[in-house]
Structure formats: structure tokens, C-alpha cells
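K.L.:
fold the following for me, if possible:
(one chain, ligands or ions: 1)
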Amino acid sequence: MQERLMVALDVSNREQALAMRERLGSAVGWLKVGLRLFVAEGPELVRQLKSTHRIFLDLKFHDIPNTVAQAVESAGGLGVDMVNVHAGGGASMLRAAAEAKKDFPAMKLIAVTVLTSDPMSAERARRLVLDRAMLARDCGLDGVVCSVHEVEAIKRACGRDFLTVTPGIRWAGQDAQDQKRVAGPDMAVRVGSDFLVIGRPILQAADPLAAAAEALVMMRKAAEAISE
Ligand code: C5P
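P.N.:
Below is the predicted model:
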């Protein structure tokens, strides 16, 4: 289950990032580097984090096709295991990204569908997410970022191997904060999410390792219940 858990390292600097990595150790398989940390510390820190964990570079590229393709190439050169673009960029942008990714077969290319913080109605989100997921699949991407609530429909429409990466994970009465379409780690596993992204419930916990362990226990129990 560690290999399905991604911790969003949304901290402000290298020291905090390395301290969090140290606290979590091998309890989690993936570290997600997003805008805050990347803007502050850049590729050097990514190289450092790569030595112990798989890395999801979550910069949500959204620009003209040529620029996005070049950014995907740079991510591939950096050696990250997963990178994402925004599906709102349209078909030609997604195809250019997928083309650029071909030189880096080990790297997964994922499209953000609709932000899990977007306040649009659940029905509208479901439709838009599904449309964008099918577009991403048709353009040759490996999967999408979506909420737990959309995973089953995406798997049905795009196939079981099409990856779903789900942020908006909350449990035990935790505050949803700016997230809207939230669900627990157990439900995420039950519906077949491939990767769970967890940020503040772990980062802001008094004991981040214990919070990660708690999520992992819920994930394991849900997986066991499925296989019974
Ligand atoms: O703190 P929290 O668990 O809400 O963090 C979720 C992480 O997932 C953040 O780093 C956020 O940028 C990222 N994310 C998201 N929704 C998306 C794509 C990424 O919340 N659609």
C-alpha cells in the first residue's frame, strides 16, 4: 500500500521537505512536489528527494502545445516518475505532451481533470471529469487526477489500466479545508484509485508518521475486504 500513497510535500523550503522525508521514511512510496516547493527550491531538491522516493512533479502544465511539450521533456530529463498537465489545455496540447513523453517511457503522464477544490456541482464535475479523462486517454496519456467520486466511472469508460490519482483525501472528521470533493482512504481503495495524494492531514498532524500509518491501515483493510 505504501506504493499507492503519495504525500504532497507542500512545505515552504528544503529543510522542511527533508525533515518531512526523514520523518516519513519508507512508510510512503511517493513524494509529490508541487508549486510551492518547486518554486522555492527548484530541480536540485527534486534530484535529492529522488534518491529515496518516487517523485510526482505536480506542476499542472497548462500552456501552448510547444511550451508544454518542452516542459514535459524537462521533467523527463529531471528523472521524475510522474508529471502532470491540465486537460483544460485541449487535445493538441495533450497530444504534444504525450509525444514528448515517449522519450521517457518510465515516466507517467497524467492530466488534471477538474480540481478537487472546484465548487461546481457534483453532477457537472462528473460529466466534465469523464469528458476530459476520455480525451486524455485518446491523446495517449497514462491517466488522470480526479476525485475519488469519479474513479469508478473513469475506469469503466477508459479501462482498468488507465491510472487515477486522487487528492481530496480526508478521514475521521478532518476539516476538508479548501477541498470540495473529499473521501476517505478506505473509499479511495474500494473504488480502485491507483494513487492517493494526501497533504495536510499528514503534514499538519502532530505526528505525521502516525497519520500516514493510520491512512495505510484504512487502505489495507479496504483492500483486504475487496479480496475476500
Ligand atoms: O492538503 P491536501 O491533502 O488537500 O493536498 C492535496 C494536494 O493535491 C495538494 O498538493 C494539491 O495541490 C494537489 N491537487 C489537488 N487537486 C488536484 C490536483 C492536485 O488537490 N486536482
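K.L.:
average pLDDT across the biggest helix by length in the chain?
P.N.:
When the chain is parsed with DSSP state H, its longest helix is helix 208-227. Mean pLDDT, helix 208-227: 96.
K.L.:
just confirm S117 contacts V182, I think it does.
P.N.:
No - if you go by CB atoms under 8 Å, S117 and V182 don't touch, sitting 9.8 Å apart. C-beta: built from backbone N, CA, C; applies to glycine.
K.L.:
format the CA atom coordinates belonging to the longest helix of the chain as PDB.
P.N.:
In PDB, the C-alpha atoms belonging to helix 208-227 read as follows (Å, rounded to 0.1, in the frame of the first residue of the first chain):
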ATOM      1  CA  PRO A 208       2.900  12.800  10.500                       C
ATOM      2  CA  LEU A 209       4.200   9.300  10.500                       C
ATOM      3  CA  ALA A 210       1.300   8.100  12.700                       C
ATOM      4  CA  ALA A 211      -1.200   9.900  10.400                       C
ATOM      5  CA  ALA A 212       0.300   8.200   7.300                       C
ATOM      6  CA  ALA A 213       0.200   4.800   9.200                       C
ATOM      7  CA  GLU A 214      -3.500   5.500  10.000                       C
ATOM      8  CA  ALA A 215      -4.300   6.100   6.300                       C
ATOM      9  CA  LEU A 216      -2.300   3.000   5.400                       C
ATOM     10  CA  VAL A 217      -4.300   0.800   7.800                       C
ATOM     11  CA  MET A 218      -7.500   2.000   6.300                       C
ATOM     12  CA  MET A 219      -6.200   1.400   2.800                       C
ATOM     13  CA  ARG A 220      -5.100  -2.200   3.800                       C
ATOM     14  CA  LYS A 221      -8.400  -3.100   5.400                       C
ATOM     15  CA  ALA A 222     -10.300  -1.900   2.400                       C
ATOM     16  CA  ALA A 223      -8.000  -3.900   0.000                       C
ATOM     17  CA  GLU A 224      -8.400  -7.000   2.200                       C
ATOM     18  CA  ALA A 225     -12.200  -6.600   2.100                       C
ATOM     19  CA  ILE A 226     -12.100  -6.500  -1.700                       C
ATOM     20  CA  SER A 227     -10.000  -9.600  -2.000                       C
END
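K.L.:
residue of this structure closest to the ligand, please.
P.N.:
Residue nearest to the ligand within the chain (CB to the nearest ligand atom): G199, separated by 2.6 Å.
K.L.:
tell me which element the residue nearest to A153 when sequence neighbours are not counted falls in.
P.N.:
Leaving aside its chain neighbours, A153 sits nearest to L130 (5.6 Å; criterion: CB to CB, 6 or more residues apart in numbering). Element membership of L130 [criterion: DSSP states H and E] is helix 122-138.
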